[in-house]
Every structure is written in structure tokens, then in C-alpha cells.
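Asks: prediction below, plus the sequence it came from.
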Amino acid sequence: MRTKASLLGLLSVLWCWSAAQTPQLRQVSIGQNSIALDISADGQYVVGGTLIESAPRPFLWTPSGGERVLPLPAGAHYAMARGVSNDGSVIAGEAYFQSPSYRILPVVWRAPNYQPQLLNVPDGAGNYYIAGVSGDGRIIAATRLGANLEEMVYWQDGVYHRVDSGRFRAISRCGNYIVGNRGSVPVRWVRSLNRFDVLTDSRDAWYPFAVASGGSPIVGFGGFFGYKGIYWDPCGVISLGDFNGQSVELYAISDDGRTAVGWLRGQPAIRWKRERGFLDGYENLNVTFAGLLQGRTLRSAHAISADGRYIAGSMWVGAVYFAFWLDTAGL
């Protein structure tokens with residue numbers, strides 16, 4: 001026979017479970033034209049910034065604490081946060097300087113005070129673009145660009161390393177796999193082996209933009225006649241096609257490789273799920289989560305948690321857009 005206390009306890013558990021399974025959509029930043037660019041493995045730390053240099057607002061956001069604006073390095077007029085570690089303690093991005101000459105330099109913000117610190121770089125020209133941060137915060141990948149200069153670089157525990165010519169675009173949460181391009185050839189670099197794996201020898205231009213924690217699968221986009229979603233797994237490269245005849249860009253993948261997010265170029269945020277089929281797996285997130293929008297439109301999705309539950313990007317609110325965090329609750 002159930003007691004009154006046990007019944008109340010059961011109801012409490014059921015209520016908590018129900019509340020936890022309810023999808024939520026949250027605006028992340030109050031900065032206009034802001035975008036979320038990375039999310040921690042558990043979905044509880046989001047970083048990004050505004051896309052307007054005249055209104056700099058690099059940020060760290062959590063569901064419990066809200067937005068925390070990250071300070072600019074001394075002399076910088078703009079900065080963008082692009083990568084975050086699993087526990088939110090390490091954030092990496094770029095700082096933009098106008099004088100004495102225009103430079104873009106790598107910056108890291110570390111807990112608890114998140115004061116900016118420029119990363120060590122070699123002498124000489126070049127601008128640095130952060131590709132991401134490993135889950136433990138020890139590895140930061142980037143591309144160094146300049147006149148006749150295109151280099152893959154990374155920092156391990158603050159020490160600078162040059163890998164080869166080319167561009168890094170994304171790093172796995174484990175930090176051992178970094179994907180990018182050498183010229184037009186998509187590659188995966190295995191850090192522990194100092195080895196490049198060519199992802200495809202297709203003549204089309206393919207761009208890998210996300211890699212699962214174990215180094216595979218990888219997603220991105222490319223093609224000469226309108227971008228199509230691309231999926232690399234141990235069996236090879238698979239074209240995911242476009243979405244209703246419109247170009248697709250995929251920017252993030254769950255750790256199991258079964259869910260990816262991105263956008264239709266210049267249009268709504270999308271999600272791809274492998275269980276729906278390779279060429280039928282796209283969905284418009286504005287349709288799936290229409291009940292949460294209240295007049296807003298999910299513009300782009302750039303980050304996803306390890307389990308695929310949490311998604312971050314930017315959404316239209318009237319004529320401007322703001323960074324968002326979406327808890328899909330498994331839907």
C-alpha cells in the first residue's frame with residue numbers, strides 16, 4: 001500500500017522529469033547582431049559576440065548566470081569569442097587592433113576573472129583566426145593568414161606550434177583531431193601522430209567545419225554549383241545534398257556523429273539527423289520548434305552539445321538578430 005508521502009514523492013519526481021523534458025529557447029546576449037559560436041559539451045556554457053566592430057561584446061553565457069561580457073585586451077577595439085572548454089574556464093577568440101597597424105591577434109580569457117591575455121605568437125606579420133578549443137582547454141587551434149601566408153597553428157598549454165600550410169577550421173573536444181583545408185583539399189590532422197588524412201580527392205571544393213570527439217564523423221559543406229552538406233565517415237565522403245534546392249552549410253556535429261546543425265545560406269537554421277536518412281535528414285528548426293518562437297526566427301545554428309540536445313546560434317528578433325540557446329529536450 002502506497003503512503004501519502006510516497007505518492008507525493010512520486011509526483012514530485014514526475015513533475016521534475018516533465019519540466020526537464022520541456023524545450024526552451026533563450027536569448028543569450030542583449031548585444032544587437034550577436035551570434036553564439038560555441039557551446040560546451042554539456043550545453044551549459046555558450047560563447048560568441050556581436051558582429052559589429054563598433055559595438056564590441058564578446059560574451060560568456062550560462063543558463064543560471066546569464067550573459068557575462070568579456071573585457072577587451074588593452075588597445076583592442078573589438079574582440080570575438082569563438083571557443084570554450086567543457087567547464088567554461090577557458091575561452092579563446094580574436095582581438096582586433098587598429099594601431100599602430102591593423103592586426104588580429106589570438107586572445108584567451110580564463111576563469112575565474114576572465115581577464116584577457118594575448119597568446120604568444122612569433123614575430124612577423126599575420127592575422128590569427130581561432131578554429132576552436134579542446135574540451136580540457138589545453139589545445140587552441142587557429143589559422144595564421146597574411147600576404148602569401150596561410151598556416152595551420154595551435155597552442156598546447158600556451159606554447160605555440162606551427163603545423164603546415166593551410167587552414168584549420170575546427171577541433172575535436174578530445175583535442176587530438178583538427179580539420180581544415182590544405183589548398184582546396186579537405187584534411188584531418190591527427191595531433192598525436194602528426195599525420196594528415198586526406199578526406200576526399202574530389203575536384204569539388206569541400207570545407208570540413210566540425211569533427212566528432214573521436215575524429216569521425218566530420219561534417220561541412222562545399223561544391224561548385226551551390227553548397228551541399230557533406231558528411232565524412234570511415235567509409236568515405238557522403239553528400240547530404242541541399243535542402244529544397246537551397247545551399248546548405250553545416251557547422252557543428254554531436255559527439256556520436258548522428259546530429260549536425262547549420263543553416264540554409266542566408267536563411268533559417270537547420271538540423272540534420274542521420275536516422276532520417278542521408279538525403280532526407282534535414283529539418284527547418286523554425287518548424288520543429290514553432291511553439292517557442294513567439295515571432296522570432298532561428299537564423300543560424302553554429303554549435304551543438306556533445307549529446308545533440310543543446311543548440312546555439314543566432315535568431316532574428318524583428319529587424320535585428322541576437323544569439324540564442326535552445327534546449328531541444330531530445331526532440
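Replies: Structure received.

Asks: what stretches of the stretch 1-150 of the chain score poorly on pLDDT?
Replies: In the predicted model, the stretch 1-150 of the chain carries pLDDT under 70 at residues 1-20.

Asks: the same query, at a cut-off of 90, please.
Replies: Where the stretch 1-150 of the chain drops to pLDDT under 90, the residues are 1-21, 52-55, 99-101, 123-125, 147-148.

Asks: which residues of it fall in strands?
Replies: For the stretch 1-150 of the chain, the strands defined by DSSP state E, counting those that start in this stretch cover 24-27, 34-39, 46-50, 59-62, 66-69, 78-84, 90-97, 103-110, 116-118, 127-133, 139-146, 149-156.

Asks: just name the most buried of these.
Replies: Highest mean neighbour count among those (mean count of other Cβ atoms under 10 Å): strand 46-50, with a mean of 28. Yep, even glycine has a C-beta here, placed from its N, CA and C like the rest.

Asks: circling back to that earlier point, closest one to residue 312 among the strands of the stretch 1-150 of the chain?
Replies: Ranking those by proximity to residue 312 (Cβ to Cβ) places strand 34-39 first, at 3.7 Å.

Asks: contact partners of that closest one?
Replies: 28-29, 45-51, 57, 59, 61, 80-84, 132-133, 300, 302-305, 310-314, 321-325 (Cβ atoms under 8 Å, 6 or more residues apart in numbering).

Asks: relative to strand 46-50, how tilted is that strand?
Replies: 150 degrees (axes from the mean of the first three to the mean of the last three Cα atoms, to 10 degrees).

Asks: quick one: strands adjacent to strand 34-39?
Replies: If you go by DSSP bridges, strand 34-39 pairs up with strand 46-50 (antiparallel).

Asks: and the contacts of the partner strand?
Replies: Against strand 46-50 from outside (Cβ under 8 Å, 6+ apart): 28-29, 31-40, 56-62, 79-84, 91, 93, 303, 312, 323, 325.

Asks: please redo it, this time with the cut-off set to 7 Å
Replies: Contacts with strand 46-50, where a contact means Cβ atoms under 7 Å, 6 or more residues apart in numbering, come from 28-29, 31-39, 56-61, 79-81, 84, 91, 312, 323, 325.

Asks: ok, now which ones touch the spatially closest residue to residue 130 that is not a sequence neighbour?
Replies: Nearest in space to residue 130, with sequence neighbours left out and distances taken as Cβ to Cβ, 6 or more residues apart in numbering, is residue 82 at 4.3 Å. Residue 82 is in contact with 37, 38, 92, 93, 130, 132, counting by Cβ under 7 Å, 6+ apart.

Asks: beta partners of the second one?
Replies: Read it as residue 38. Beta-bridge partners, per DSSP bridges, of residue 38: residue 47.

Asks: ok, now how distant is it from residue 275?
Replies: For residue 38, the distance to residue 275 equals 25 Å [Cβ to Cβ, to the nearest Å].

Asks: and for residue 303?
Replies: 21 Å.

Asks: these two: who's more crowded?
Replies: residue 303 (25 against 7; other Cβ atoms under 10 Å).

Asks: show me what the more buried one bridges to in the sheet.
Replies: residue 312.

Asks: so residue 291: helix, strand or coil?
Replies: helix (DSSP: H, G, I helix; E, B strand; the rest coil).

Asks: okay, now it: neighbour count?
Replies: 8.

Asks: OK, contacts around the nearest residue to residue 283 once chain neighbours are set aside?
Replies: Residue nearest to residue 283 in three dimensions, not counting chain neighbours: residue 271, with 5.4 Å by Cβ to Cβ, 6+ apart. By Cβ under 7 Å, 6+ apart, the contact set of residue 271 is 259, 261, 283, 285, 301.

Asks: and which of the residues you listed is nearest to residue 165?
Replies: residue 261 (30.0 Å).

Asks: now that closest one: which helix or strand?
Replies: strand 259-264 (DSSP states H and E).

Asks: for that strand, name the packing helices and strands.
Replies: strand 248-253, strand 269-273, strand 297-304 (3 or more Cβ pairs under 7 Å, 6 or more residues apart in numbering; DSSP states H and E).

Asks: how about those strands in JSON lines, adding mean pLDDT and distance to residue 66?
Replies: JSON lines is the format used below for the helices and strands packed on strand 259-264 (pLDDT from 0 to 100; distance: least, Cβ to Cβ, whole Å):
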{"stretch": "strand 248-253", "mean pLDDT": "97", "distance to residue 66": "23"}
{"stretch": "strand 269-273", "mean pLDDT": "98", "distance to residue 66": "22"}
{"stretch": "strand 297-304", "mean pLDDT": "98", "distance to residue 66": "18"}
